[in-house]
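> Fold the following, please.
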Amino acid sequence: MASAEGPAGGDTAGGAAAVGAAAVGAAAGGSVAGAEGPAGGRFLRACRREETDATPVWLMRQAGRYMPEYRALRERHGFLELCRTPELAAEASLQPVRAFDLDAAIVFSDILLPLVPMGLDLEFSEGAGPVIRNPIRSEADVLALRPIEPREELGFVLEAIALVKRELAGRLPLIGFAGAPFTLASYAIEGGSSRDFAKTKSLMHRAPRAWHALLAALSAAIADYLAAQAASGADAVQLFDSWAGCLSPADYREYALPYSKLVLDAMARRGVPSIHFCADSGGLLEAMKEAGGDVIGLDWRVDLAEGWKRIGYDRGVQGNLDPAALLAPAGELERRVRAVLDAAGGRPGHIFNLGHGVLPETPVDSVRALVEAVHEYSRRPAP
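Reported below is the predicted structural model:
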């Protein structure tokens, strides 16, 4: 889910203002090169399918409950408080790049936040995740949604981006993100998570006019929101279509693709590198390419070599280790990391990531070992 799609955390005793650039540079006890230097430049160069000295790596949900520092943060602050307080969100965003030798930071936030100023009542409950108290169920509900101005109503996210950007001081690129129109619509209609998306598909098929009006409103809001993130300092953006894998290829093309394409085309016009991720997307890869994105994210259910071949080598790919591999013994984890890198074949444009977010029970040492193994095994002469 969304928070999970952001990163997080460190000890916030002094807030983000107390997080010095030197601390950021001390990732895993080492130094971090500039954003266009040997380390930080890896991620952006890979987005452009350029040669790198090693495969870049960052992780979806690269901070969260598996990190003791994040758990300490959550003991003092509620989840939405973290998201809505720029200093806390910035602190959460910075912890992973202090702890590990990652090649990118990502702002701590949640994909559902834009739904709140549109008029939906969102809360997060322990164990149940996000709950929307007034879900969309009719065309009247869609027409009641308010247009949003992200620079005002989501300004706390933009301020967090600016704080993180300042603290990174050019050492690493910063990723912004948002939920894709289909996924946000699904949450808004279901009122939370779902196994079968019956309510979503019912509205989609029974009230197509309402569906398309909803997706049009969401795509406009998301495109504007991501543009504002880029203007605030995000070097690249990721569009999370977490639930589109529930669609058949034909339904994806009719009901989701056009609206993701509106968002991703807007990023392309602005020259903002974009990553397009969809979970359980084995049947949708060709259509995802049509929708857009400089890099297509693959989950672990897709063979990376075959998936990249299907997408075409004119796009980069991101992924795609099974998150559960981080629960394996050290030797098995290293073997699986190498298998992903071997599948990519050293081709320019591969960004190493998990096929979804880091699991809460993941050992911190396993994340560190993964990052080190990616860099060590993929090391090659500098371009």
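> contacts and neighbour counts: CA atoms only from here.
Fine.
> just the strands in the protein please.
With strands called from DSSP state E, the chain shows them at 105-106, 122-125, 129-132, 174-179, 236-241, 274-278, 295-297, 316-321, 350-354.
> Run the chain-centre distance for the fourth one.
For strand 174-179, the distance between its averaged C-alpha position and the chain's averaged C-alpha position is 6 Å (CA atoms, centre = their mean, to the nearest Å).
> Repeat that for the second one.
Centroid displacement of strand 122-125 relative to its chain, using CA atoms, centre = their mean, is 20 Å.
> Let me see the mean pLDDT of that strand.
For strand 122-125, mean pLDDT rounds to 87.
> Helices along the stretch 51-200 of the chain, start to end?
68-76, 79-84, 86-99, 139-143, 150-153, 155-168, 181-190, 198-206 (DSSP state H, counting those that start in this stretch).
> how about a markdown table for these, with mean neighbour count, mean pLDDT and distance to R335 added?
Converted to a markdown table, those look like this (neighbours: other CA atoms under 10 Å; pLDDT from 0 to 100; distance: least, CA to CA, whole Å):
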| stretch | mean neighbour count | mean pLDDT | distance to R335 |
| --- | --- | --- | --- |
| helix 68-76 | 17 | 95 | 27 |
| helix 79-84 | 19 | 95 | 35 |
| helix 86-99 | 28 | 97 | 23 |
| helix 139-143 | 15 | 96 | 49 |
| helix 150-153 | 16 | 96 | 44 |
| helix 155-168 | 24 | 98 | 32 |
| helix 181-190 | 24 | 97 | 34 |
| helix 198-206 | 16 | 97 | 40 |
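> Any idea which helix or strand in this protein has the lowest mean pLDDT?
One helix or strand of the chain scores below all others by mean pLDDT, DSSP states H and E: helix 21-24, with a mean of 32.
> hang on, the earlier thing: for the strands of the chain, which has the smallest mean pLDDT value?
The weakest mean pLDDT among the strands of the chain belongs to strand 122-125, with a mean of 87.
> Give me the contacts around that one.
The contact list for strand 122-125 (CA atoms under 8 Å, 6 or more residues apart in numbering) reads F79, L80, L115, V116, P130, V131, I132, R133.
> which of those count as buried?
Neighbour-count burial within the contacts of strand 122-125 applies to F79, L80, L115, V116, P130, V131, I132; the criterion is 16 or more other CA atoms under 10 Å.
> With distance to Q318 as added columns, please give these in TSV.
Below are the buried ones among the contacts of strand 122-125 laid out as TSV (distance: CA to CA, whole Å):
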residue	distance to Q318
F79	28
L80	28
L115	27
V116	30
P130	27
V131	30
I132	31
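> Next, give me the two most distant ones among these.
Taking CA to CA as the measure, the buried ones among the contacts of strand 122-125 span a maximum distance of 16.0 Å, between F79 and L115.
> sorry, back to before: how about the helices of the stretch 51-200 of the chain in CSV, adding distance to R42?
Conversion of the helices of the stretch 51-200 of the chain to CSV gives the following (distance: least, CA to CA, whole Å):
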stretch, distance to R42
helix 68-76, 27
helix 79-84, 28
helix 86-99, 15
helix 139-143, 42
helix 150-153, 30
helix 155-168, 16
helix 181-190, 29
helix 198-206, 39
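> To D294, which of these lies closest?
For the helices of the stretch 51-200 of the chain, the distance to D294 is smallest for helix 181-190, at 18.3 Å, taking CA to CA.
> Kindly calculate the angle that the closest one makes with strand 174-179.
50 degrees (axes from the mean of the first three to the mean of the last three CA atoms, to 10 degrees).
> what's in contact with helix 181-190?
By CA under 8 Å, 6+ apart, helix 181-190 touches 111-112, 115, 120, 132, 135-137, 193, 197, 199-200, 214-215, 218-219, 222, 240-244, 255-256, 259-260.
> Longest helix in this protein, please.
Using DSSP state H to define each element, the chain has its longest helix at helix 208-232.
> What helices and strands are in contact with it?
On a contact count with 3 or more CA pairs under 8 Å, 6 or more residues apart in numbering; DSSP states H and E, helix 208-232 meets helix 139-143, helix 150-153, helix 155-168, strand 174-179, helix 181-190, helix 198-206, strand 236-241, helix 257-269.
> right, and those - which one's nearest H356?
strand 236-241 (10.4 Å).
> and A230, which of the helices of the stretch 51-200 of the chain is closest to it?
With CA to CA as the criterion, A230 lies closest to helix 155-168 of these, at 8.9 Å.
> Which other helices and strands does the closest one contact?
Against helix 155-168 (3+ CA pairs under 8 Å, 6+ apart) you get helix 21-24, helix 79-84, helix 86-99, strand 174-179, helix 208-232.
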